[in-house]
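[1] Any chance you could fold what I've pasted below:
(chains A and B)
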Amino acid sequence: MSDTAIAVPGRVEALPGPGPWLGALKGLWRFARHKPLGAAGLVIIVAMVVCAVFADNQLVTLFRRDDPLLAPYYYDDQDIANRLRPPSPSHLFGTDRLGRDMLSQVIYGARTSLLIGLSAVAISMGLATLVGTVSGYIGGRLDLLVQRLVDAWISFPAIVILLTGVQVAKEYAGPSPTTQSAAIVAVLGLVLAAGASRVIRGATLAVKNNVFVEAARAVGASDMRIIFRHILPNVMPVVIVLATLQLGAAILAVGTIGFLGFGVPAPFPDWGRMLSTEGLLFMRAHPWLAVWPGLAIFLAVWGLNVLGDALRDLLDPRLRGLR
Amino acid sequence: MWSYIVRRVGLLVPTLAMVTVLVALLVRLLPGDAVEIIIGQYTPLTHGDREAVRRQLGLDKPWYEQYGEFVAGVFTGDWGTSLQSQQPIGRELARRLPVTFELGLLALIISIVVAVPVGVIAAIRQDRWLDYLMRGTAIVFIAVPAFWLGTLVVVLPNVWWGWAPPIHYESFFDDPLSNLYFVIIPATILGLGLSGSVMRLTRTQMLEVLRQDYIRTAWAKGLRERVVILRHALRNALIPVTTLIGLQVPLLVGGTVVLETIFSVPGIGSYLVTAVNSRDYPVVQAVNLVVALAVVLSNLLVDVLYAYLDPRIRYA
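    Numbers count the residues shown, from 1 in each chain, chains lettered A, B, ... in the order given. Below is the predicted model of the structure:
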């Protein structure tokens, strides 16, 4: 493994000399040279973010739904006369059974995936960081109890607990697509949090035995102060790497439950639902329907994985070989 | 060794207790009016029926009695009754578990057969094009969604050659050949998905072991490459890989849920999807418990195996 010392991009900014923009660019260039795969992942993720933000001018003009920008059509514009058409200049990815443009649906799907994924990862990392640092730092009986609960929680395979939890949460959420999506985010966040808290606890245990923590305790710093001022900044690299890898896992998970028919409800565009079994009959005759959404999920997950790997090599060599 | 096993099993008890609590909570978390809607799906809404189904879900007693009965049922083999079919769930599970077990085991074997040799070769050829190719492929295997690959396998050969995967499941004991023909396709997709991380770990471990002094000694003694790699290095490198393979059981179960649905395999994964779809919560609860138990027990097995393979663990 190429584990030579490499400057962290962004840290270059602090050096005197070139302006901050130039420094950041140089850092990026260095990152791309040393971690070409990671840079490829970064490009894919940036493209995905651009698709999500500029699919139409809704986000740009503050939630006023108007014309599509990047997407050639609005995602649920139906053109029944041109249904199930193969890829052509007017519909680059073809059209589905309601005559909706596949390319537009894939572009809009990035928005749904990122919105659901990022929200779930925010919940997961917030919870995991809290549980992991406190359980690891306090130790003793609390740690023993919390870790047995985590053991029990991670005994449930992610897809199984996700299907179950989402269905139970939807019983509460009622028929509204927005609250149902929020239910998915909440359950996904909880599912992802358990495994992450274990890793963050491990990192906390390693940091906790450092002399500077002992010194802080000696000058009378409270436990909360030590956790927030001394432990947390030192486990941050682990949190960043985990968040990147978890976003990939989240997108894959949302795609999977969408495919099984329990994911983000219509009218929101969703890659998983585009592939769902109800469309299988049409896919047999019109295979392009199956290709594009799957390719989008694959690229997003692949990009986040290689980017996460590269970040891990740069930020925290201890995590290498984690997966 | 025995004291290690006793200690490890001791840790299992609180975990198992919490697993049962979580599963039992599941049905109790349902909002009251949802219970009524679920009942309405299956029976016309009369007051008597409503009470009967609440009883069937075990919701009419105080919580400690509910939990006690639930745990007692698990031990006595009374796993409840399906709302949908009105059949005992235990019997259905007994019929479906072997099917999922076969699919999972076959997938595991495929993943090891693919991943270990590839990982070893990538390590021996570190930082050459073969290594890059194999590492790149490994991440592709990790990132390709199983449900997409499954869908493509159903769709594309049908378009190109008019071939479709078999849809009729035969038990292995009735007709081994058609059973294998049926299971091998989902098992391969699942196995390739798992092989990515096994390959990466095999490679990392091999690289670490190959730098050890005793390997240099083995080379210095003039042993052939095959002997050094296979007999001296691989045997030690595989110890952590064994653990990883065991830890993949949750992923394996998740994968079977998806692939059983695509290829209509009558295992517990497709049972879960059907049950969630029809809001058959007693079944959902039972399947969750079974898979969690499987994961907990396989983790125990892996830890014991690890201690057996690596004496440093049990004396720590």
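[2] Output the set of residues of the stretch 51-200 of chain B in proximity to chain A.
    Proximity of the stretch 51-200 of chain B to chain A, by C-beta under 8 Å from any C-beta of the partner chain, involves residues B:127, B:136, B:139-140, B:142-148, B:151-152, B:154-156, B:158-159, B:197, B:200. Heads up, the C-betas are built off the backbone N, CA and C, glycines and all.
[3] What pLDDT is listed against whichever residue of the stretch 151-300 of chain B sits closest to chain A?
    At 3.5 Å from chain A, residue B:254 is the closest residue in the stretch 151-300 of chain B, using C-beta to the nearest C-beta. On pLDDT, residue B:254 comes in at 87.
[4] for residue A:47, same thing?
    pLDDT, residue A:47: 91.
[5] Just give me the neighbour total for it.
    14 (other C-beta atoms under 10 Å in any protein chain shown).
[6] burial measure for residue B:154, as a count.
    Counted with other C-beta under 10 Å, residue B:154 comes out at 20.
[7] before we move on, which element is it in?
    Here residue B:154, judged by DSSP states H and E, is contained in helix B:146-161.
[8] so what does that helix touch, helix or strand wise?
    Where contact means 3 or more C-beta pairs under 8 Å, 6 or more residues apart in numbering or on different chains; DSSP states H and E, helix B:146-161 is packed against helix A:232-260, helix A:280-285, helix A:288-315, helix B:176-210, helix B:249-262.
[9] Can you give the distance from the fourth one to the centre of its chain?
    Using C-alpha atoms, centre = their mean, to the nearest Å, the mean C-alpha position of helix B:176-210 is found 13 Å from that of the whole chain.
[10] Please work out the angle formed by the directions of it and helix B:249-262.
    150 degrees (axes from the mean of the first three to the mean of the last three C-alpha atoms, to 10 degrees).
[11] Give the other helices and strands that the next helix or strand after helix B:176-210 contacts.
    As assigned by DSSP H and E, the chain's next helix or strand after helix B:176-210 is helix B:213-220. Where contact means 3+ C-beta pairs under 8 Å, 6+ apart, helix B:213-220 is not packed against any helix or strand.
[12] Just the C-alpha atoms of helix B:213-220, please, in CSV.
    This file holds the C-alpha atoms of helix B:213-220, laid out as CSV (Å, rounded to 0.1, in the frame of the first residue of the first chain):
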residue,chain,number,x,y,z
ASP,B,213,11.3,-12.3,9.7
TYR,B,214,10.3,-16.0,9.5
ILE,B,215,9.3,-15.5,5.9
ARG,B,216,12.7,-14.1,5.1
THR,B,217,14.2,-17.1,6.9
ALA,B,218,12.0,-19.4,4.7
TRP,B,219,13.3,-17.7,1.6
ALA,B,220,16.9,-17.9,2.9
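[13] Go through the helices and strands packed on helix B:146-161 and find the least confident stretch.
    Averaging pLDDT over each of the helices and strands packed on helix B:146-161 puts helix A:280-285 lowest, since it has a mean of 74.
[14] Which positions in it come out as buried?
    A:282, A:283, A:284 (16 or more other C-beta atoms under 10 Å in any protein chain shown).
[15] same deal with stretch A:37-56?
    A:37-42, A:44-45, A:48, A:51-56.
[16] same check, this time on stretch B:94-102
    B:96, B:99, B:100, B:102.
[17] try stretch B:280-300
    Buried positions in stretch B:280-300, judged by neighbour count with 16+ other C-beta under 10 Å: B:280-296, B:298-300.
[18] The host helix or strand of residue A:105 versus helix A:232-260: what angle between them?
    Residue A:105 is part of helix A:102-138 when elements are defined by DSSP H and E. Computed by the same axes, to 10 degrees, the angle separating helix A:102-138 from helix A:232-260 equals 140 degrees.
[19] chain center to helix A:102-138: distance?
    Using C-alpha atoms, centre = their mean, the offset of helix A:102-138 from its chain centre is 5 Å.
[20] Moving C-terminal from it, which element do we reach first?
    Heading C-terminal from helix A:102-138 (DSSP H and E), you reach helix A:140-154.
[21] Report the rounded mean pLDDT for stretch A:75-84.
    Here the average pLDDT along stretch A:75-84 is 76.
[22] Alpha carbons only: can I get that stretch in PDB?
    The C-alpha trace of stretch A:75-84 is given here as PDB (Å, rounded to 0.1, in the frame of the first residue of the first chain):
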ATOM      1  CA  TYR A  75     -38.700  14.500 -13.800                       C
ATOM      2  CA  ASP A  76     -42.400  13.600 -13.900                       C
ATOM      3  CA  ASP A  77     -43.300  15.300 -17.200                       C
ATOM      4  CA  GLN A  78     -45.200  12.700 -19.100                       C
ATOM      5  CA  ASP A  79     -45.100  12.300 -22.900                       C
ATOM      6  CA  ILE A  80     -47.500   9.400 -23.400                       C
ATOM      7  CA  ALA A  81     -47.000   9.500 -27.200                       C
ATOM      8  CA  ASN A  82     -43.300   8.800 -26.700                       C
ATOM      9  CA  ARG A  83     -43.500   6.100 -24.100                       C
ATOM     10  CA  LEU A  84     -40.900   3.300 -23.800                       C
END
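[23] Report pLDDT for residue 158.
    Unless you meant another one, I'm taking chain A. Reported pLDDT for residue A:158: 86.
[24] Wait, chain B was what I had in mind.
    Value listed for residue B:158 in the pLDDT field: 81.
[25] Ok, the one 5 residues further on next?
    You'll see residue B:163 listed with a pLDDT of 80.
[26] Could you give the number of residues near it?
    When neighbours are counted by other C-beta under 10 Å, residue B:163 comes out with 9.
[27] so where is the stretch 1-150 of chain B shaky, pLDDT-wise?
    B:32-37, B:39-50, B:53, B:56-58 (pLDDT under 70).
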